[in-house]
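K.L.:
with the input below, show me the fold.
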Amino acid sequence: MDNPAITNQEFAHIQALIYKIAGIQLSEAKKVLVVGRLSRRLKHYGMTSFGQYYKLVTSHEENGELQTMVDLLTTNETYFFREPKHFDFLANELLPKVRPGSPFAVWSAACSSGEEPYTIAMVLAEKFGRSTPWQVTGSDISTVVLAKARAGHYPLERTEGIPLDYLKKYCLKGVRSEAGTLLISRELRERVSFRQVNLTKPPPDIGPFDVIFLRNVMIYFDMDTKRLVVNNLITRLKPGGYFIVGHSESLNGITDKLETLRPTIYRKP
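P.N.:
Next up is the predicted model:
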């Protein structure tokens, strides 16, 4: 059965709703994505229009479905060791300066299904071992991706970017019914915690952090939302801490509270 069509007005309503909740701007080009991701929810409820679905998610009785809509519209692609220069910077320039035994904390603020925080954890485990108390916090607005992240269980093809020695040390290859999958080691999973955070709201009582990663999410925000999100996160960054954004992103015109070390890497004075 074909997916139902979406009218301009229905799309505008969904655009406004996801912007209000998560600060995400859905361009006209995302219409196909919206139809593709939400059509199965219409079928689930036996609905024939997106107008009916919009009424459902905005009614007080159905807050659970509103979270489902947010999960479907905010899930983004990620992978291990994405944009590896940031992890090289962490391993080779930043971590050697940390005093042995000093606690070290990193926040992956838009962690999706967990590949980024587990990548950070591998780098920290490799550099610090057990000599330094370190921890990683991952957060996302989507409960679905957070459940995947907490499990730390991935298809083998998702692990291509992981160096071979890290694979052997920090990952367990599935056998029998789990063949074709990989589990992040318990030692690493115990150092990484996950929580639901809406970046457009005042941040929860976490941190302060030595490093905050906010990568490949600002591209979905308008300028006002970028300023709001970045200023929210800076309050959880230690003085002298580092703030890292994606390679296609910049903090130019967004905040004057950080100094630029190099493109995409900033420091709190």
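
K.L.:
then stretch 88-100 to PDB, C-alphas only?
P.N.:
Presented in PDB, the C-alpha positions along stretch 88-100 are these (Å, rounded to 0.1, in the frame of the first residue of the first chain):
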ATOM      1  CA  ASP A  88      43.600  12.000  17.600                       C
ATOM      2  CA  PHE A  89      43.500  15.400  19.300                       C
ATOM      3  CA  LEU A  90      42.100  13.800  22.400                       C
ATOM      4  CA  ALA A  91      44.600  11.000  22.500                       C
ATOM      5  CA  ASN A  92      47.800  12.800  21.400                       C
ATOM      6  CA  GLU A  93      47.400  16.400  22.600                       C
ATOM      7  CA  LEU A  94      44.800  16.700  25.300                       C
ATOM      8  CA  LEU A  95      45.100  13.600  27.500                       C
ATOM      9  CA  PRO A  96      48.900  13.600  27.900                       C
ATOM     10  CA  LYS A  97      48.400  17.000  29.700                       C
ATOM     11  CA  VAL A  98      46.100  15.400  32.300                       C
ATOM     12  CA  ARG A  99      47.600  14.900  35.800                       C
ATOM     13  CA  PRO A 100      47.700  11.200  36.600                       C
END
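
K.L.:
right, and the helix or strand after the helix or strand bottoming out on mean pLDDT in the chain?
P.N.:
Least confident helix or strand of the chain, by mean pLDDT, DSSP states H and E, is helix 63-74 with a mean of 88. Later in the chain than helix 63-74, the nearest helix or strand by DSSP states H and E is helix 85-89.

K.L.:
got the buried residues for the least confident helix or strand of the chain?
P.N.:
For helix 63-74, a neighbour-count test (16 or more other CB atoms under 10 Å) marks 65, 67-74 as buried. No exception for glycine: its C-beta is placed from N, CA and C like everyone else's.

K.L.:
for these, give me TSV that also has distance to residue 190.
P.N.:
Output for these, formatted as TSV (distance: CB to CB, whole Å):
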residue	distance to residue 190
65	34
67	27
68	30
69	33
70	29
71	26
72	31
73	32
74	27
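
K.L.:
how about these, which pair is most distant?
P.N.:
65 and 74 (14.8 Å; CB to CB).

K.L.:
tell me which helix or strand comes right after the helix or strand residue 9 falls within.
P.N.:
Using DSSP H and E, the element containing residue 9 is helix 8-22. Scanning forward in sequence from helix 8-22 by DSSP H and E, the next helix or strand is helix 31-45.

K.L.:
for that following helix, packing partners?
P.N.:
helix 8-22, helix 50-57, helix 63-74 (3 or more CB pairs under 8 Å, 6 or more residues apart in numbering; DSSP states H and E).

K.L.:
the last one to helix 50-57, inter-axis angle?
P.N.:
Computed with axes from the mean of the first three to the mean of the last three CA atoms, to 10 degrees, the direction of helix 63-74 lies at 120 degrees from that of helix 50-57.

K.L.:
with that, I have no additional questions.
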